[in-house]
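>>> My questions concern the predicted model and sequence given below.
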Amino acid sequence: MKVFKYSNIGSREQNQDYLVSTELGQERSLHLVADGMGGYAFGDVAARVVGDSFAYGLSRDMSIEESTRIASNNLLKERQNLSVLKMGSTVAGVFLCGLEATIFWAGDSRVYVFRNNEVYFQTEDHSILNELSHKRIISFKERERYGHIVTRSIMGNEDDKVDQHKISLQTGDEILICSDGLYKDCPVDYLIESIRKDQFDIDKQNDGFTDNHSLIYVSL
């Protein structure tokens, strides 16, 4: 298994993305991108708490649901410690057990699975734009107005939850996990091809990204 990780600040003052890629033993591993929510306090702290909480739970054989509850509870405690009303993070992760994967996510960070160089699976964003797209064509002004608004995240609330999708993988499949700052400013097909050919070069174009942008690439 090949793993490649990358994170950069873009045009922001602080990088609030957080990456986890860790072996858990017995052919199990966790790969996760958490993106602290802009507009709320301490986005970098929120992303770290969420990422580390999932790693803690899954390393102790807890379920995704239990790990989500730990992440939410830990974020609530952090909110109280920092005396802030709102802080949160989107999350997208893949829990691998051999060739069996559990994909989980909340918000607009994404997981892609590629098979035979084609997109085999892609998570569906929890966002206003995605919800509107199921109803009608979205105008340019709506994209500008709602492009940054997610409808789900981990915020330390009782109703925090993630969506899940289980998938059987094959040798040769590729996984891409990324924050929205990546796919909004970089075509995913270009990105994945550059990694395959060991020609990854977006680190040279950091100033062209409007947001923090992070990825984990896993090749099986």
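Ah, there it is. Residues are numbered from 1 along each chain as shown.
>>> could you pull out the helices for the chain?
Under the criterion DSSP state H, the chain contains helices at 43-59, 64-82, 128-133, 140-146, 180-183, 188-196.
>>> What mean pLDDT does the third one get?
Helix 128-133 carries an average pLDDT of 69.
>>> quick one: terminal-to-terminal distance for stretch 32-41?
22 Å (C-alpha to C-alpha, to the nearest Å).
>>> now that stretch, how far from the chain's geometric center?
10 Å (C-alpha atoms, centre = their mean, to the nearest Å).
>>> same deal with stretch 32-43?
The answer for stretch 32-43 is 11 Å, by C-alpha atoms, centre = their mean.
>>> Could you list the buried residues of that stretch?
Neighbour counts over stretch 32-43 (16 or more other C-beta atoms under 10 Å) mark L32, V33, A34, D35, G36, M37, Y40, A41, F42, G43 as buried. (C-beta placed from N, C-alpha, C; glycine too.)
>>> Which two of the residues you listed have the greatest separation?
L32 and A41 (22.0 Å; C-beta to C-beta).
>>> Helix or strand with the lowest mean pLDDT in this protein?
helix 140-146 (a mean of 65; mean pLDDT, DSSP states H and E).
>>> any idea how far the residue most central in space within the chain is from Q80?
Of all residues in the chain, the one closest to the mean position by C-alpha atoms, centre = their mean is A92, 3.1 Å from it. According to C-beta to C-beta, to the nearest Å, A92 and Q80 sit 26 Å apart.
>>> Could you identify which of the helices of the chain is most buried?
helix 180-183 (a mean of 25; mean count of other C-beta atoms under 10 Å).
>>> Any idea how far it is from the middle of the chain?
10 Å.
>>> Next: stretch 32-51.
With C-alpha atoms, centre = their mean, you get 11 Å for stretch 32-51.
>>> about what we covered before: same list (the helices of the chain) but as JSON lines, adding distance to K5.
Listed next are those as JSON lines, based on distance: least, C-beta to C-beta, whole Å:
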{"stretch": "helix 43-59", "distance to K5": "12"}
{"stretch": "helix 64-82", "distance to K5": "20"}
{"stretch": "helix 128-133", "distance to K5": "26"}
{"stretch": "helix 140-146", "distance to K5": "29"}
{"stretch": "helix 180-183", "distance to K5": "12"}
{"stretch": "helix 188-196", "distance to K5": "11"}
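>>> To Y217, which of those helices lies closest?
helix 188-196 (5.2 Å).
>>> Against which helices or strands is that closest one packed?
strand 110-115, strand 174-178, strand 213-219 (3 or more C-beta pairs under 8 Å, 6 or more residues apart in numbering; DSSP states H and E).
>>> list the buried ones in the first one?
For strand 110-115, the neighbour count (16+ other C-beta under 10 Å) marks R110, V111, Y112, V113, F114 as buried.
>>> And the average pLDDT for it is what?
Strand 110-115 comes out at a mean pLDDT of 98.
>>> Kindly report the same for the shortest one.
Strand 174-178 shows an average pLDDT of 98 in the prediction.
>>> Quick one: list the elements packing against that strand.
Using 3+ C-beta pairs under 8 Å, 6+ apart: strand 174-178 touches strand 28-36, strand 89-97, strand 110-115, helix 188-196, strand 213-219.
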